[in-house]
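Novice: Any chance you could fold what I've pasted below:
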Amino acid sequence: MKRLDSPYPLDIRRLPLRFSVELVGAPKPWTGTFLTLVSGGSVPSEQLRDLARFLVGSDQPGGTIAFIYCGLSLSFDEQVSELTAFQRTLAEHTRPGSQTINISHRGGIGLSSAAELMGAHYGQLIALSGTELAPAWQPQKGTKYLSLGYPEAQQFAEQLGVEGLNHPMKDPSFEHRWYCPPSGSRWGGPLHSGEGELILSAGPENEPLLSELRESVLGLRLERSA
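Specialist: The predicted structure follows:
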């Protein structure tokens, strides 16, 4: 696709008209980080919006914008095709040196990893309480992988191999980070429900994880530009 001389060959603000995405933030000529947030389907969209607003607001005005994927009414294969097409279009129409980062919650990692198999590419793929990766998934060259989570029933079952064959917290391609939630859930102790949703909170109860996420999202671009 031919590039034009303008900062963005495509008006980024029009992407939600072509794909099942919601834009958070206002793109500027200097925008350098483009986030795609993908839900597993069980989380209210407002929680994803809060997290997206937090990350966008952590950067200089216009430095980061976010897209929330909203195509959950489609079949899995349709979602994979659309997410792949969206990511390819975004990559083709952003300035050289821009960073595209995917943040997937729970089952959203299955969708995003399947999109990678179809040709989507990200500078970084971050799993939040991620469940099973797509079958035959392999890490892509040039992509950084990070898995963040709290001790909770879903993750416990995955660690034991009871649920899921291949998930981010056991895959060696991912860096792994566990956090201690306010509830006191810990490995070897009582596990409380709700930790999988806490991971999306933009409140102070989630601050250690938010700090890691903010550093990963913003630090990657700063590191590349150094």
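Novice: what about the nearest residue to F76 once chain neighbours are set aside, how many neighbours?
Specialist: Excluding the flanking residues, the one nearest F76 by C-beta to C-beta, 6 or more residues apart in numbering is L111, at 7.1 Å. Any C-beta I mention is one placed from the backbone N, CA and C, and that applies to glycine too. Look at L111: counted by other C-beta atoms under 10 Å, it has 24 neighbours.
Novice: Could you look up the SS state of L111?
Specialist: Secondary structure, DSSP: H, G, I helix; E, B strand; the rest coil: L111 is helix.
Novice: hmm, which helix or strand of this structure has the shakiest average pLDDT?
Specialist: helix 153-159 (a mean of 55; mean pLDDT, DSSP states H and E).
Novice: any idea which helix or strand comes after that one?
Specialist: The helix or strand immediately downstream of helix 153-159 is strand 175-178, counting by DSSP states H and E.
Novice: contacting residues around that following strand?
Specialist: 144-151, 168-169, 187, 209, 212 (C-beta atoms under 8 Å, 6 or more residues apart in numbering).
Novice: Show me which parts of it are buried, residue by residue.
Specialist: Buried residues in strand 175-178, defined by neighbour count with 16 or more other C-beta atoms under 10 Å: none.
Novice: Need the residue closest to the centroid of the protein.
Specialist: For the chain, the residue nearest the mean C-alpha position is I103 (0.6 Å; C-alpha atoms, centre = their mean).
Novice: And the pLDDT at that one?
Specialist: For I103, the pLDDT comes out at 97.
Novice: tell me the SS of it?
Specialist: strand.
Novice: quick one on the thing from earlier: would you mind giving the contacts of strand 175-178 as TSV with distance to D77 and pLDDT added?
Specialist: Formatted as TSV, the contacts of strand 175-178 follow (distance: C-beta to C-beta, whole Å; pLDDT from 0 to 100):
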residue	distance to D77	pLDDT
K144	27	96
Y145	24	98
L146	27	97
S147	25	94
L148	28	93
G149	27	86
Y150	31	82
P151	33	74
P168	22	91
M169	26	86
W187	36	42
L209	32	89
E212	33	89
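Novice: Report the two of those residues separated the most.
Specialist: K144 and W187 (25.7 Å; C-beta to C-beta).
Novice: What count of nearby residues applies to K141?
Specialist: 6.
Novice: swap in L133?
Specialist: Neighbour count of L133, defined by other C-beta under 10 Å: 26.
Novice: residues touching it, list them.
Specialist: Contacts of L133 (C-beta under 8 Å, 6+ apart): 109-110, 113, 166-168, 171.
Novice: what's G108 sitting at in phi/psi?
Specialist: In terms of degrees, to the nearest 10, the main-chain angles of G108 are phi -60, psi -20.
Novice: Return the residues in contact with it.
Specialist: Counting by C-beta under 8 Å, 6+ apart, G108 has contacts 38-41, 69, 130.
Novice: So how do I select the buried members of the residues you listed in PyMOL?
Specialist: Only the buried entries of the contacts of G108 go into this PyMOL selection, using 16+ other C-beta under 10 Å:
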select buried, resi 38+39+40+69+130
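Novice: got the contacts of G108 as TSV, with distance to T84, secondary structure and pLDDT columns?
Specialist: As requested, the contacts of G108 are exported to TSV (distance: C-beta to C-beta, whole Å; DSSP: H, G, I helix; E, B strand; the rest coil; pLDDT from 0 to 100):
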residue	distance to T84	secondary structure	pLDDT
V38	12	strand	95
S39	17	coil	89
G40	18	coil	78
G41	18	coil	70
Y69	11	strand	94
G130	19	coil	88
